[in-house]
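Visitor: Attaching a predicted model along with its sequence, questions to come.
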Amino acid sequence: MTVCVVADGQRLELTVAPTLTVRDLKQQVIAAAGGGLPSDGAWALLDRAIHRGKKLHDDSTLEGAGVHHRDKLMVSTLPHAKEAMRQLSTCRARREALADRAGRGEAVHEEELTREMLTLDSIDLGGVPDPAQGVLRELRKQELRALELMGSGQA
């Protein structure tokens, strides 16, 4: 069946099995929305799924929750996670710009890499509940590793 999912203002049409769990639907929303999120556990960044005014439980199947072909679902991101994801996305874009410069043979100074690492370290995950906090920590680690590799000349 095809469902329309509105996630933080972004509209997605997904073809899914009626036996799919809400948790797995959230994972598909994350994958469809992109953003370089990890394949495991990223569903935790999404707060709730709502269908016809009712909150759906993560372990429920779509069929069991009364979701039918062409139905609309609303999915929201955890508020604190949304800001942390925005900051991580900004850091990723700046790192990619630095990598492009390095690829063109332009100098990338160690101070620029250090500034990006400090920015990543300053992202506040305090208001983000587990397991979403673990997902965001892993994303931050990936960005830090990429910057470290760039600094060592391996990226």
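Guide: Happy to help now that I have it.
Visitor: looking at this structure, which helix or strand is least sure?
Guide: helix 22-33 (a mean of 85; mean pLDDT, DSSP states H and E).
Visitor: From the contact counts, what lies against that helix?
Guide: Counting contacts by 3 or more CB pairs under 8 Å, 6 or more residues apart in numbering; DSSP states H and E, helix 22-33 packs against strand 2-7, strand 10-15, strand 46-51, strand 72-77. Where C-beta positions appear, they are placed from N, C-alpha and C, glycine not excepted.
Visitor: The last one: what's the following helix or strand?
Guide: The C-terminal neighbour of strand 72-77 among helices and strands, as given by DSSP states H and E, is helix 79-103.
Visitor: neighbouring contacts of the least confident helix or strand of the chain?
Guide: 3, 5, 7, 10, 12, 14, 16, 20, 37, 39, 42-43, 45-46, 49, 56-62, 65, 73, 75 (CB atoms under 8 Å, 6 or more residues apart in numbering).
Visitor: Can you point out the buried residues in the helix or strand residue 137 falls within?
Guide: Element membership of residue 137 [criterion: DSSP H and E] is helix 132-152. In terms of neighbour count (16 or more other CB atoms under 10 Å), helix 132-152 has its buried residues at 132-133, 135-136, 139-140, 143-144, 146-147, 150-151.
Visitor: ditto for stretch 20-36
Guide: Buried residues in stretch 20-36 (16+ other CB under 10 Å): 20-30, 33.
Visitor: Out of these, flag the one nearest to residue 84.
Guide: residue 30 (14.5 Å; CB to CB).
Visitor: Flag the shaky bits of this structure, pLDDT-wise.
Guide: 34-43, 154-155 (pLDDT under 70).
Visitor: how does it look with 90?
Guide: 7-12, 26-48, 75-89, 126-136, 138-139, 151-155 (pLDDT under 90).
Visitor: which SSE is the residue of it most remote from its centre in?
Guide: Here the chain reaches farthest from its C-alpha mean at residue 105, the gap being 31.4 Å by CA atoms, centre = their mean. Per DSSP H and E, residue 105 falls between elements, in no helix or strand.
Visitor: With that, I have no additional questions.
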